[in-house]
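Asks: Predicted model, plus sequence, below.
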Amino acid sequence: MSNIDKLREVIKEEVQKILKEESSSKTPLYGHNDENTAYVVDDYPYGFKLRTQIRYWLESDKKKGFRFVSQTMNPKTGRWNAAKKSTYATFGGCMYLDENGHVQWGGVTEYSDAKKFLEFITDFPEADFTLIKDFCAAKLHYYKKIAAGTHFLRTTINGVAVPQSDEQKEKAMDDAKEEVAQWEEISSLIS
């Protein structure tokens, strides 16, 4: 093995260590589903000089998914202000503490790629993966058809189908094989 190959191996190992450290810097927060079970932070800035409480939770809706909610208390009146709500993440959502101890959240939607789903599953192992299981099965079926060469995306311009070249089909099949491998890994983790 040449010195360059050895150096490449060392760099790969260092990158893997960094990736493991980054993923382990998230401390998942489970069970905070409404304002009664919210995660409360007591010393939160309110304006320039005042301090107050803020509470966080994840809201869920069977048809829309999960969304992050935060709400501060007005220190002058002692009442909770209007809650601030994020957009929905269709297939999963989870809150966590980042490396600074701040509350954050992550979610996966139909627009998330396989890497994002894999990251979500490994970062939040105790989350509910029910919706992800069905989506994963559909993705696997779809990409397996493309990898086998039985299904290709069609492009139409002004209602006329534009045929794909053999090179485009080969590339689509190769890309689909990579996707199949990633979705199979996801499937094995959530089974």
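Replies: Received it, and whenever you're ready, just let me know what you need. It should be emphasised that the depicted structure is a prediction, and the values quoted were computed from it without experimental measurement. Numbering: from 1, shown residues only.
Asks: sec struct for Thr156, please.
Replies: Using DSSP: H, G, I helix; E, B strand; the rest coil as the criterion, the local structure at Thr156 reads strand.
Asks: Identify the residues contacting Phe152.
Replies: Taking C-beta atoms under 8 Å, 6 or more residues apart in numbering, we find Phe152 in contact with Ile146, Gln164, Lys169, Ala172. C-beta coordinates here come from the backbone N, C-alpha and C atoms, glycine included.
Asks: May I ask which two of these are separated the most?
Replies: Distance extremes for those: the farthest pair is Ile146 and Gln164 at 11.5 Å, using C-beta to C-beta.
Asks: Turn the contacts of Phe152 into a markdown table, including pLDDT and distance to Gln104.
Replies: Compiled in a markdown table, those are given as follows (pLDDT from 0 to 100; distance: C-beta to C-beta, whole Å):
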| residue | pLDDT | distance to Gln104 |
| --- | --- | --- |
| Ile146 | 88 | 35 |
| Gln164 | 80 | 42 |
| Lys169 | 84 | 42 |
| Ala172 | 85 | 36 |
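Asks: tell me which element Leu153 is part of?
Replies: Leu153 belongs to no helix or strand when assigned by DSSP states H and E.
Asks: Same question for Tyr111.
Replies: Secondary structure (DSSP H and E) places Tyr111 outside all helices and strands.
Asks: More neighbours: which of Ile146 and Gln164?
Replies: For Ile146 and Gln164, the more surrounded residue by other C-beta atoms under 10 Å is Ile146, and the numbers stand at 20 against 15.
Asks: Just list whatever residues bridge to Thr155.
Replies: Taking DSSP bridges, one obtains Val162 as the residues bridged to Thr155.
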